[in-house]
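Student: Need the 3D shape of this:
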Amino acid sequence: MTPLERQFVEDRAMRDSAKALFSADVAQVRGDLANRGVGERIGARIGKSAVDMANEALEMAGDNKGVIGAALGALLLYLFRNPLIDWLFGDDEGGSDEERGARDDGWDEAEQY
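Tutor: Numbers count the residues shown, from 1 in each chain. Next up is the predicted model:
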């Protein structure tokens, strides 16, 4: 047998063994998909990722309680900024702008051109 024929036989044997491995992998994947569908696998993976992310967030929150408290305080101050400003720096006359007859455009009714 010539070296070229021997190389051909070796290459064919490697090809056949690679094809057998590939066929076994395909059969295993088909068997797994028959047991659990693609949708179920995606749902399980997403659910596991969400649980892992929630656990990591809780752990990080436990380590940074001061930062979270400051952020919540800033959020509350922002949400209630108008009542707080009115309470701190409101007019001493009492009553709201509507009760005093103030206009929305910023002009006083007594003011003339």
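Student: The longest helix anywhere in the chain: what's the following helix or strand?
Tutor: The longest helix of the chain (DSSP state H) is helix 3-35. Next along the chain after helix 3-35, taking DSSP states H and E as the criterion, comes helix 38-63.
Student: hmm, who's touching the helix or strand following that following helix?
Tutor: On the C-terminal side of helix 38-63, the nearest following helix or strand under DSSP H and E is helix 65-79. The contact list for helix 65-79 (Cβ atoms under 8 Å, 6 or more residues apart in numbering) reads 61, 84. For every residue, glycine as well, the C-beta is placed using N, CA and C.
Student: can you list contacts of the helix or strand just after helix 65-79?
Tutor: Per DSSP H and E, the first helix or strand lying C-terminal to helix 65-79 is helix 81-89. Residues from elsewhere that reach helix 81-89 (Cβ under 8 Å, 6+ apart): Leu77.
Student: Stretch 8-18 too?
Tutor: Stretch 8-18 is contacted by residues Met1 when judged by Cβ under 8 Å, 6+ apart.
Student: And the pLDDT for Gly101?
Tutor: We have a pLDDT of 54 for Gly101.
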